[in-house]
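S.K.: Give me coordinates for this.
(one chain, ligands or ions: 1)
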Amino acid sequence: MLNKNILLCVTGGIAVYKAAALTSKLVQAGAKVKVIMSKSACQFVTPLTFQALSRNDVYTDTFDEKHPEVIAHIDLADWADLVLVAPATANVIGKLANGIADDMITTTLLATTAPVWIAPAMNVHMYNHPAVIKNIETLAGFGYQFVEPNEGYLACGYVGKGRLEEPEKIVSLVTNYFQTQTNILSGQTILITAGPTKEMIDPVRYLTNRSSGKMGYALAEEAVKMGAKVILVSSVDSLTTPKDVQFVKITSAEDMYQAVMDNYQKASIIIKSAAVADYRPKEISNQKLKKKDGNLIIEFERTKDILLELGKKEDKPFLVGFAAETEKIDEYAWSKLERKNADMIVANDVTKAGAGFEGDTNIVTLYKKNHEKKELPLLSKNQTAKEILLEIYRDLKEGVKNANS
Ligand code: PMT
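M.R.: Predicted coordinates:
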């Protein structure tokens, strides 16, 4: 759990005292822990306890902005690798299931794209109430994970299901979760292309596209975290190259083609998230083009399709292409998978808010050689990258590529 960022949301019930033990055990296991408390939670244990145990500021109020350079609930939402709501009351479960965001915890929960785990704790009859059951089902449908409460003696005097799972057990579940994601790609070399290409017209002008490189850089960063060796081929220099990545700087589609062909035999996986120009000026002027009366006509010629060329190789690695589409997503994605002989296509509808170019989030659908299609919700680009890499890992493990190629 070393250096994993865990955001613990503590809501008000007697089990808050167990959340203090949970904080301590998470910190001892190497995690970085930040805590948000609801107003009711503060009735049971003071924020100072959590501050001392986590060695971080504790957040209780949406409007108490501790650092003027960031908005706290968005900053915490983005910081987290995992959000734990423990103990989770019927109230917070109900609010979240209905999209209510009226305090620091609920605004952060709606803003995060990290996985959220909910550990309920309440009276047995509350836990079995149809409204609570329905809200839990709704949240499970949204992809939230639950750490089920235990049966036993409850603070209200009843015996039944509703005790917060023991802190040791929660820590062991969290450790397991991170372990399954760490080093699963060790032994793999992944070649990733990121960002736009730039096609020179003359020494001062070029043709490019809206790609920022964020999606490809997120893939590189997450792949390294999962233990892979990464070769990143990109024209982008405005982003920080992730640590431990071999960076190959290119400019044009032709440069990218050369860099990929020079390196593809080192790679067991290639992910082509770059937005490559399909055309380039047939001639590049040696001198700056001077303006004249009338229109300027530039003749364009096709660039090489790198993904298509890779798909023809006998020794092709596991090949993942992207598809940036504005219509007929399914049709074009399946056809790219087939035509370019890829093992997976990651399609994004770049007309959707939160998807595609420039932003920090994406909404993608994976199309796989075994005819499976998997839709991912709106996630941060890092979280999207994690999901793509996990899917590649699963496919390689199950031999999907070998079975179908
Ligand atoms: O960089 P960001 O701002 O984070 O934005 C991310 C993104 C929108 C660029 C990314 O998610 C994405 O969709 N990348 C692929 C963009 C693209 O060029 O798609 P395409 O449908 O035109 O190409 C299909 C595939 O063929 C891609 O894998 C592309 O890299 C590859 N290709 C295309 C043309 C070419 N000459 N050679 C190629 O290898």
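
S.K.: near the ligand, which residues of this structure?
M.R.: 195, 211-215, 253, 272-276, 278, 303, 305-307, 321-324, 336, 348, 350, 356-358 (C-beta under 6 Å from any ligand atom). All C-beta spots, glycine's among them, are computed from the backbone N, C-alpha and C.

S.K.: Which of the residues you listed are buried? Put it as a ChimeraX command.
M.R.: When burial is assessed using 16 or more other C-beta atoms under 10 Å, the buried subset of the residues of the chain next to the ligand is captured in ChimeraX by this command:
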select :195,211,212,213,214,215,253,272,273,274,275,276,303,305,306,307,321,322,323,324,336,348,350,356,357
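
S.K.: taking the residues of the chain next to the ligand one by one, which sit in strands?
M.R.: Per DSSP state E, strands hold the following members of the residues of the chain next to the ligand: 272, 321-324, 348.

S.K.: Quick one: those residues as JSON lines, columns for pLDDT too.
M.R.: Rendered in JSON lines, the data for these read as follows (pLDDT from 0 to 100):
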{"residue": "Lys272", "pLDDT": "98"}
{"residue": "Gly321", "pLDDT": "98"}
{"residue": "Phe322", "pLDDT": "98"}
{"residue": "Ala323", "pLDDT": "98"}
{"residue": "Ala324", "pLDDT": "98"}
{"residue": "Asn348", "pLDDT": "97"}
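
S.K.: Looking at those, which one is closest to Ala342?
M.R.: Within these, distances to Ala342 taken as C-beta to C-beta reach their minimum at Gly321, with 4.5 Å.

S.K.: what about Thr251, distance to the ligand?
M.R.: In this structure, Thr251 and the ligand are 14 Å apart, going by C-beta to the nearest ligand atom, to the nearest Å.

S.K.: What is the burial count for that residue?
M.R.: 15 (other C-beta atoms under 10 Å).

S.K.: didn't it look like it was pressed against Leu207?
M.R.: No - taking C-beta atoms under 8 Å as the definition, Thr251 is not a contact partner of Leu207, at 11.6 Å.

S.K.: Mutual contacts of those two, please.
M.R.: Taking C-beta atoms under 8 Å, 6 or more residues apart in numbering as the contact rule, the neighbours common to Thr251 and Leu207 are Lys198.

S.K.: Can you name the residue of the stretch 1-150 of the chain nearest to the ligand?
M.R.: The shortest separation between the stretch 1-150 of the chain and the ligand is 14.8 Å, found at Thr113 (distances taken as C-beta to the nearest ligand atom).

S.K.: three-state assignment of that residue?
M.R.: Three-state secondary structure (criterion: DSSP: H, G, I helix; E, B strand; the rest coil) places Thr113 in coil.

S.K.: Quick one: the helices in the stretch 201-350 of the chain, in order.
M.R.: 214-225, 253-263, 306-312, 329-339 (DSSP state H, counting those that start in this stretch).

S.K.: so of the ones you listed, which one's packed in deepest?
M.R.: Stretch with highest mean neighbour count among the helices of the stretch 201-350 of the chain: helix 214-225 (a mean of 25; mean count of other C-beta atoms under 10 Å).
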